[in-house]
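[1] Would you be able to build a 3D model of this:
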Amino acid sequence: MTWILKARDLHKAYGSKEILDGAEIEIDERDRIAVIGRNGAGKSTLLRVLLGQEELDAGKVIIRDGAKIAWLRQDERFEPGETALAYLERATEQPDWACAQLAADFHVMNDTLEKPAMSLSGGWQTRLRLCAMLLREPDLLVLDEPTNYLDLRTLMLLERFLDGFRGGWVIVSHDRGFLERTCPQTVEVASGRINRFPGRVPAWLVAKAERRAAAAATNANLAAKSRQLEDFVARNKARASTATRASSKAKELEKLQDQFLDIDVDDRDPCIRLPPCETRKGWALQCDGLAVGYGTRTVATCAIVDLDRGFRCAVLGDNGQGKTTVLRSLAGQLPPLGGVFRWAQGLRVGLYAQDVYTAFSPDMVAEDHLFRCAREAPGQNPPRQEIFDLAGALLFGPDDLKKKVGVLSGGERARLCLGGLLLGKYDVLLLDEPTNHLDVETVEALADALVGFPGTVLFTSHDRAFTTKVANRLIEVGDGAFSLFPGDYATYCAQLEAESDGQAPPPKAEKPKTQTIAKPAPDKSKQRALERLEKRVAELTAERKQLESELSTSYDARKGQRLAALLPELEQAEAAWMEAAG
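    So this is what the prediction gives:
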């Protein structure tokens, strides 16, 4: 194969931190490479250097004469009043028919092409930028975190296009499933170097774990032998009869120190442990005729959506349909435009915002955010060491905690947001694209933590591997409405794939009666509300009897407080039931 790009002895530092330290790579015209590395390791810096967007301190990048390299440019602007088609013609210097033909591959049809580009949602604008990149007819594609800006439907279209693309590509992404489907080769950026692996990301993860385990075992054996030699030298160096042997062992010990294998601190795995919360049966969230939106503009409405405690619910839909609006409304950041929603009494709700770059003041010190979150949790005043331990588990060292947020990378800010959420000790977690900006290992750790979390979770994510692992309930947002999806995530993805292929979607799963979400006739709606109130009264009555029975044998302050809070809640539920029944 013919090479497209060669990079030799690359050096790049920011202050005292060496990002690239003698790194080298060669990319051929048919290479399909996943670039992997911890947050801050230098993945995006490497791409900018290869594209000539950032100067090197030393080293050289050589691009083959005549080779065309294109990248997904999120900063590419649209001119005021410019239609989508006019933008494509201007940005690529291609005729209108060629622009329209490629745009159709991404389902950007004539009616959309005739609209002003600036009026389109973020998802449709990203599709246009993808079209512009591909219309330049490149030999090599460079994609830096493309999944951060794509909804699932567009991501499927991109994968389909890549499958038929004849050139090569280099992709930085935290989305393990996307990388696994598109990249048969893996490159790791770590400790300033580039390590190439001739396999897909899952195989690389296994090989890395095995390499690290082998190095740890080797070092453990060397450490044990060192202790034996140190003990021998200490016991025999002062005795004339054994001094010679002690001297020989001391030299052997000195040589042994050079045999220890380096295990880079960047290889530490993040450890995310969600705090325990109260576990009880019953509903967590009830929505009746809820309408969400901004100002006077309604984005989405629902008839009835009930979610029981303990479910991990993925909120799905195309960009611009209202997923974030739904989460922000349920978090109390946006007032409902109609209808009502309620969280079960006593549940504390925490929100992880999608845009980690606006979540903090740039002048805030990282550790100050963690201490503030710990103080704001009711009844919590954790020891300083507990906060430092949590920060260390999220790969924040003492020096990192002293940094101002303005100098942190996107991944570091995302981990800081997660740390604050953990210290808040919430019963309900609302997570808006939590995998954005995180590296593959941290995404895996977060998924494992959420699966073991006893509370309730609602989240949005385009990451199929993450969603498949975490979600056991789905809410679909689209066409101005949101409702419980009657099938599992595999069924949802199959439906989108079929729609993207222009086929009839697979038959939808029959909706269980307990998840009925179709808007009922008025009399059925009243009956549904009455049944729900009866169920709630029964739950509270049973809990009251249980508490009274337990308190009659031995007093427990926590149970006594719960009983005191439960009695007025039961009275209100009974009153509401009698009013509805009358």
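[2] Next one: the residue most central in space within the chain from residue 444, what distance?
    Centrality entry for the chain: nearest residue to the mean C-alpha point is residue 435, 0.8 Å, by CA atoms, centre = their mean. Distance, residue 435 to residue 444, by CB to CB, to the nearest Å: 10 Å. From N, CA and C alone the C-beta is placed, and that goes for glycine too.
[3] same thing with residue 390?
    Distance, residue 390 to residue 444, using CB to CB: 18 Å.
[4] now residue 416
    Shown here: residue 416 relative to residue 444, a distance of 19 Å by CB to CB.
[5] Those two: which is more packed in?
    Neighbours per residue (other CB atoms under 10 Å) separate residue 416 from residue 444, with residue 416 holding more: 27 against 19.
[6] Give me the domain ranges for this protein.
    For the chain, automatic domain parsing gives the domain ranges 3-68+138-204, 278-348+426-517, 357-422, 524-581.
[7] wait, which of those is closest to residue 111?
    Residue 111 lies closest to domain 278-348+426-517 among the domains of the chain, at 15.6 Å (CB to CB).
[8] any idea of the mean pLDDT for that closest one?
    Per-residue pLDDT over domain 278-348+426-517 has a mean of 86.
[9] now that domain: how far from the chain's centre is it?
    Put simply, domain 278-348+426-517 sits 15 Å off its chain's centre (CA atoms, centre = their mean, to the nearest Å).
[10] Then stretch 56-73?
    Put simply, stretch 56-73 sits 30 Å off its chain's centre (CA atoms, centre = their mean).
[11] Show the average pLDDT along it.
    Averaging pLDDT along stretch 56-73 yields 91.
[12] Quick check: end-to-end length of that stretch?
    Distance across stretch 56-73, first residue to last, is 21 Å (CA to CA, to the nearest Å).
[13] that older thread, want to try CSV for the domains of the chain, with distance to residue 104 as columns?
    Output for the domains of the chain, formatted as CSV (distance: least, CB to CB, whole Å):
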stretch, distance to residue 104
domain 3-68+138-204, 11
domain 278-348+426-517, 11
domain 357-422, 33
domain 524-581, 43
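[14] And those: which comes nearest residue 261?
    With CB to CB as the measure, domain 3-68+138-204 is the member of those nearest residue 261 (13.4 Å).
[15] tally of neighbours for residue 450?
    Residue 450: 21 surrounding residues under other CB under 10 Å.
[16] roughly how far apart are the residue lying closest to it once chain neighbours are set aside and residue 150?
    Distances taken as CB to CB, 6 or more residues apart in numbering place residue 470 nearest to residue 450, at 4.9 Å, with adjacent residues excluded. Distance, residue 470 to residue 150, by CB to CB: 19 Å.
[17] for residue 54, same thing?
    Distance check for residue 54 against residue 150: by CB to CB, it reads 25 Å.
[18] Tell me how far the longest helix along the chain lies from the chain's centre.
    Longest helix in the chain by number of residues (criterion: DSSP state H): helix 201-236. Centre-to-centre, helix 201-236 and its host chain are 34 Å apart (CA atoms, centre = their mean).
[19] Buried residues of it, list them for me.
    By 16 or more other CB atoms under 10 Å, the buried positions in helix 201-236 come out as 201, 204-205, 208, 212, 215, 219, 226, 229, 232-233, 236.
[20] What is it packed up against?
    In terms of contacts (3 or more CB pairs under 8 Å, 6 or more residues apart in numbering; DSSP states H and E), helix 201-236 is packed against strand 32-36, helix 176-182, strand 185-190, strand 193-197, helix 243-257.
[21] Which of the residues in the longest one are classified as buried?
    Using 16+ other CB under 10 Å as the burial criterion, the residues of helix 243-257 that qualify are 246, 249-250, 253.
[22] Tell me the one of these nearest residue 476?
    Checking those one by one against residue 476 (CB to CB), the nearest turns out to be residue 253, at 65.6 Å.
[23] Show me where the stretch 401-550 of the chain has its strands.
    428-432, 456-460, 473-478, 481-484 (DSSP state E, counting those that start in this stretch).
[24] and the nearest residue to residue 165 once chain neighbours are set aside, what does it touch?
    Distances taken as CB to CB, 6+ apart place residue 141 nearest to residue 165, at 7.3 Å, with adjacent residues excluded. Listed by CB atoms under 8 Å, 6 or more residues apart in numbering, the contact partners of residue 141 are 69-72, 133-134, 162, 165, 167-171.
[25] next one: residue 248
    Counting by CB under 8 Å, 6+ apart, residue 248 touches no other residue.
[26] per-residue pLDDT, it?
    As predicted, residue 248 sits at a pLDDT of 86.
[27] any idea how far it is from residue 262?
    In terms of CB to CB, residue 248 sits 27 Å off from residue 262.
[28] Then residue 46?
    Here residue 46 is placed at a distance of 21 Å from residue 262 (CB to CB).
[29] before we move on, what about residue 280?
    Counting by CB to CB, the separation of residue 280 from residue 262 is 49 Å.
[30] next one: residue 323
    To residue 262, residue 323 is 44 Å away according to CB to CB.
[31] Which one's more surrounded, these two?
    A side-by-side neighbour count of residue 323 and residue 262, using other CB under 10 Å, places residue 323 first with 29 against 9.
[32] Now do the phi/psi pair for residue 46.
    As for residue 46, its main-chain torsions (degrees, to the nearest 10) stand at phi -60, psi -50.
[33] which residue sits closest to it in space, ignoring its chain neighbours?
    Nearest residue to residue 46, sequence neighbours excluded (CB to CB, 6+ apart): residue 189, at 5.8 Å.
[34] I'd say the one you found and residue 39 touch.
    No - applying CB atoms under 8 Å, one finds residue 189 not in contact with residue 39, separated by 11.0 Å.
[35] Thank you kindly, that will do.
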